[in-house]
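> any chance you could fold what I've pasted below:
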Amino acid sequence: MPPHPPVIVHPPSPGGGRRVTINGRIAGLAHGRGELAELLRKGLGSREEVIDLLDGDLIEWRGGGVDDWPPP
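Numbering: from 1, shown residues only. Here you go, the predicted model:
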């Protein structure tokens, strides 16, 4: 069985946003794609300008996909 991706974007929370974990540690709460990309850059130590949010080897989406963000 292949290992889980290092990043998990958890289901939308009732209060808004989605919790993000990187390698089992909470990286923060993202309220959209931009905030998620910034958390990933910081948490992964990436200098990449663009992070592929659809990369299944990098990110596991739970409770919705890349376009599922609760209203603030």
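
> Ile26: what secondary structure?
Under the three-state scheme (DSSP: H, G, I helix; E, B strand; the rest coil), Ile26 adopts strand.

> and it, how close does it get to Asp67?
For Ile26, the distance to Asp67 equals 23 Å [Cβ to Cβ, to the nearest Å]. Quick note: C-beta positions are derived from backbone N, CA and C, even for glycine.

> ditto for Gly24
For Gly24, the distance to Asp67 - Cβ to Cβ - is 26 Å.

> neighbour count winner among Ile26 and Asp67?
Using other Cβ atoms under 10 Å as the criterion, Ile26 and Asp67 rank with Ile26 on top: 11 against 8.

> can you pull the contacts of the more buried one?
Counting by Cβ atoms under 8 Å, 6 or more residues apart in numbering, Ile26 makes contact with 19-20.

> what about 10 Å?
Counting by Cβ atoms under 10 Å, 6 or more residues apart in numbering, Ile26 touches 10, 19-20, 43.

> which residues does Arg18 bridge with?
Beta bridges link Arg18 to Pro12, Ala30, judged by DSSP bridges.

> distance of it relative to Arg33?
11 Å.

> between these two, which contacts overlap?
Trp69.

> which of these two has more neighbours?
Arg18 (24 against 13).
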